[in-house]
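Below: sequence and its predicted model.
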Amino acid sequence: MQMSLMEYIAHYFNGDIHRYAQFEGVSCEQILEWIENECYVINGKLVMPVKHLPTPANRK
């Protein structure tokens with residue numbers, strides 16, 4: 001199962017970013033940075049993108 005980190009927080013922490021930050025042992029600012037960087041959860045694992053790749057131009 002895959003979901004965005006925000007979806008995960010909404011589902012398992014009732015949308016409470018502060019409570020999730022406490023659970024992870026990090027600041028709320030760190031959680032917001034993870035959300036902004038499009039981290040997601042796959043099978044219970046937090047996945048953080050290493051690099052966002054550019055979208056290739058449409059080719060004919």
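Nice, I can see it.

looking at this, Ala21 is in a helix?
Yes. Checked against DSSP: H, G, I helix; E, B strand; the rest coil, Ala21 lies within a helix.

Tell me the pLDDT of it.
Note for Ala21: predicted pLDDT of 97.

now swap in Ser27 and tell me
The model reports Ser27 with a pLDDT of 97.

how much space between it and Gln2?
25 Å (Cβ to Cβ, to the nearest Å). Glycine gets a C-beta too; all of them are placed from N, C-alpha and C.

Contact partners for Trp34?
Leu5, Leu46, Met48 (Cβ atoms under 8 Å, 6 or more residues apart in numbering).

Count the residues that sit near the second one.
The criterion is other Cβ atoms under 10 Å. On that basis, Leu46 has 12 neighbouring residues.

same check, this time on the first one
Leu5 sits with 21 neighbouring residues when counted by other Cβ under 10 Å.

what do you get for His11?
There are 11 residues near His11, going by other Cβ under 10 Å.

how would you label the closest residue to it other than its chain neighbours: helix, strand or coil?
In this structure, His11 finds its nearest non-sequential neighbour in Met3, 7.2 Å apart by Cβ to Cβ, 6 or more residues apart in numbering. Of the three states, Met3 takes strand under three-state DSSP.
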